[in-house]
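Colleague: sequence and predicted structure are below.
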Amino acid sequence: MAIEQILLPGLGESVHEASIINWLVKPGDHVKKYDPLAETVSDKVTTEIPSNFAGVIKAYLVDLDKEVPIGTPIMSIEVEGAASAPEPAAATSSPAAQPASPPAPVPIPAAPSKPSAAGGKRFSPAVLALAEEKGVDLNDVIGTGNNGRITRKDVLNYTPSASAPTSVPEPSAPAQATAQAPTAPPASAIPEAPKPAPETINFEPGIHDQIVPADGIRKTIARHMVQSATEIPHAWMLVEADVTNMVKLRNRMKDNFKQQEGISLSYFPFFIKAVVQALKKHPKINTSWQDGNIVYHQDFNISIAVATDDYLYVPVIKHADQLSITGIAKEINRLAQLTRAGKLTSADMADGTFTVNNTGSFGSVASMGIINYPQAAIMQVESINKKLIVTDDGIKIADMVNLCLSLDHRILDGLQAGRFMNDVKLNLSQYNIELDLY
């Protein structure tokens, strides 16, 4: 029998490296061609790697949670029915072309690993999805994987006892805050989810601190944040906008909208529409920095932030300039539901050109976002609050909101950013009750 290598497959046009976060098989296991071998994470999306061959797993060739280039040998396998060949000794060798191509890696739910009810165990997204499908309580499953981790095979081979519960709790969204304003109405369009129970850590007697290794998704987030903060010279500005007309319009339309469309109408689609209109007038905001060049993007693809229990995902509203407020609201709802169901794919988070973050949903009144690399800017929409303001005609009570812009100072200066923000303000002020949401 010949010894072959399983390579880390291509995971997308812009993905050059990834990390293995979970082995689904162990040395000595017999696998069939196309059986899942491991889970890898890149850009916060978890993907299963299938086997190229039928045979027996010999050895792991890379460590878990270590970034390696696409094409790196990750595992060796003794292939059935092939002539004997020496086993490879190093993970860095360049193998010959494989005799057969497996199916493309299959994206699986990118939801965070959930703690079980006992022992603080954490499970991979693939295991969670399969357990939910089969109605298996993972607390009752004995893991045979690396360090006792539960694998897909463990779930498939599990026979429940008569008294075993048959469900796994669903994830819920977190509530994080920056600057707090508890009485402010949220500006978010993302459906509200039940608040999760506080995270608990089981401390051993006499130990005051517990070290928990970051998982693959958290490491990916950390790497992107560090890249943005170190490579992009951030500048920041805040403007205050009168959104009284927008609030009246939304309040007047929300009940009929809910009845007709089946989803809630919140303020966030109005903000995104105003931003896109301003981007079309200021194309330099809709750019990115690349090797000393400024790349102007023809499409207006708006990244939005959606939070789960442990992570922040940034799906993208593609071609937002071609959507009405109703179309934007539906797309926000669709992406939020995919995120919280753990069904986002790499394509859902690709090609964003500008980010709008609904920090007002947390009660924030001012915040400085880290730019979504390699975009040129990110705008934070804060809480809407009623204030007394002075006008040419006297004093009035108005619905006011802070809009905070972080910008890449290599591309943008204060004058350009200020003009863009003033146009966003103008667009928001021009909403009226006669506006057609469709």
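Modeller: Received the coordinates, thanks.
Colleague: mean confidence for the helix or strand hosting A38?
Modeller: Secondary structure assigned from DSSP states H and E places A38 in strand 36-42. Per-region confidence: strand 36-42 scores 85 on mean pLDDT.
Colleague: and the next helix or strand past that strand?
Modeller: Heading C-terminal from strand 36-42 (DSSP H and E), you reach strand 45-50.
Colleague: now the helix or strand just after that following strand against strand 36-42, angle please.
Modeller: Next helix or strand after strand 45-50 toward the C-terminus (DSSP H and E): strand 55-60. On the basis of axes from the mean of the first three to the mean of the last three C-alpha atoms, to 10 degrees, strand 55-60 is oriented at 40 degrees to strand 36-42.
Colleague: and strand 55-60, how far out from the chain's middle?
Modeller: With C-alpha atoms, centre = their mean, to the nearest Å as the basis, strand 55-60 stands 33 Å off its chain's centre.
Colleague: flag every buried residue along the following helix or strand past it.
Modeller: Once the chain leaves strand 55-60, the next helix or strand it forms, by DSSP H and E, is strand 67-69. Within strand 67-69, the residues scored as buried using 16 or more other C-beta atoms under 10 Å are 67-68. (Glycine included, C-beta is placed from N, CA and C.)
Colleague: swap in stretch 263-280?
Modeller: 263, 265-279.
Colleague: of those, closest to M421?
Modeller: Nearest to M421 among the buried residues of stretch 263-280: A278, at 7.9 Å, using C-beta to C-beta.
Colleague: quick one: secondary structure of the residue lying closest to the closest one once chain neighbours are set aside?
Modeller: Spatially, and ignoring its direct neighbours in sequence, A278 is nearest to D423 (4.0 Å; C-beta to C-beta, 6 or more residues apart in numbering). Here D423 is recorded as helix under DSSP: H, G, I helix; E, B strand; the rest coil.
Colleague: how far off strand 45-50 does the strand holding A38 point, in degrees?
Modeller: Using the same axes, to 10 degrees: strand 36-42 against strand 45-50 is 150 degrees.
Colleague: contacts only, for the residue nearest to A278.
Modeller: Residues near D423 by C-beta atoms under 8 Å, 6 or more residues apart in numbering: 277-278, 281-282.
Colleague: hey, where'd the helices end up in this protein?
Modeller: 125-134, 152-157, 216-231, 244-261, 268-281, 325-340, 414-429 (DSSP state H).
Colleague: what would the ones you listed look like in a markdown table with mean pLDDT?
Modeller: Formatted as a markdown table, the helices of the chain follow (pLDDT from 0 to 100):
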| stretch | mean pLDDT |
| --- | --- |
| helix 125-134 | 71 |
| helix 152-157 | 76 |
| helix 216-231 | 87 |
| helix 244-261 | 94 |
| helix 268-281 | 97 |
| helix 325-340 | 94 |
| helix 414-429 | 96 |
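Colleague: and of these, who's closest to A376?
Modeller: Nearest to A376 among these is helix 414-429 (9.6 Å), distances taken as C-beta to C-beta.
Colleague: and the residue nearest the centre of this protein?
Modeller: Most central in the chain under C-alpha atoms, centre = their mean is Y313, positioned 2.0 Å from the mean C-alpha point.
Colleague: got a pLDDT number for that residue?
Modeller: For Y313, the pLDDT comes out at 89.
Colleague: would you agree it is in contact with S303?
Modeller: No. Look at Y313 against S303 with C-beta atoms under 8 Å: they stay out of range, at 9.9 Å.
Colleague: who touches both of these two?
Modeller: M349.
Colleague: any idea how far the residue nearest to A278 lies from I433?
Modeller: D423 is 22 Å from I433, where distance means C-beta to C-beta, to the nearest Å.
Colleague: ok, now T339?
Modeller: Plainly put, T339 is 33 Å away from I433 if you go by C-beta to C-beta.
Colleague: dig out what the residue nearest to the centre of the chain forms beta bridges with.
Modeller: With DSSP bridges as the criterion, Y313 is bridged to V306.
Colleague: measure it to T391 for me?
Modeller: Distance, Y313 to T391, using C-beta to C-beta: 41 Å.
Colleague: pull the contacting residues for the closest residue to K425 other than its chain neighbours.
Modeller: Nearest non-adjacent residue to K425, counting by C-beta to C-beta, 6+ apart: A241, 4.3 Å away. Applying C-beta under 8 Å, 6+ apart to A241 gives the contacts 400-403, 424-425, 428-429.
Colleague: recalculate using a threshold of 10 Å.
Modeller: 271, 274, 381-382, 384, 398-403, 421-422, 424-429 (C-beta atoms under 10 Å, 6 or more residues apart in numbering).
Colleague: so who does Q277 touch?
Modeller: Counting by C-beta under 10 Å, 6+ apart, Q277 has contacts 300, 321, 423-424, 426-428, 430.
Colleague: ok, S429 next?
Modeller: 241-246, 274.
Colleague: before we move on, back to that, ok, the buried residues of stretch 263-280 vs P69, which is closest?
Modeller: For the buried residues of stretch 263-280, the minimum distance to P69 (C-beta to C-beta) is 35.1 Å, reached by L279.
Colleague: quick check: the closest one vs S429, distance?
Modeller: In this structure, L279 and S429 are 18 Å apart, going by C-beta to C-beta.
Colleague: format the helices of the chain as JSON lines; extra columns: distance to A347.
Modeller: Output for the helices of the chain, formatted as JSON lines (distance: least, C-beta to C-beta, whole Å):
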{"stretch": "helix 125-134", "distance to A347": "17"}
{"stretch": "helix 152-157", "distance to A347": "24"}
{"stretch": "helix 216-231", "distance to A347": "17"}
{"stretch": "helix 244-261", "distance to A347": "25"}
{"stretch": "helix 268-281", "distance to A347": "20"}
{"stretch": "helix 325-340", "distance to A347": "11"}
{"stretch": "helix 414-429", "distance to A347": "28"}
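Colleague: most tightly surrounded among these?
Modeller: Mean neighbour count (mean count of other C-beta atoms under 10 Å) peaks for helix 268-281 among the helices of the chain, with a mean of 22.
Colleague: from the chain's centroid, how far away is that one?
Modeller: Using C-alpha atoms, centre = their mean, the offset of helix 268-281 from its chain centre is 22 Å.
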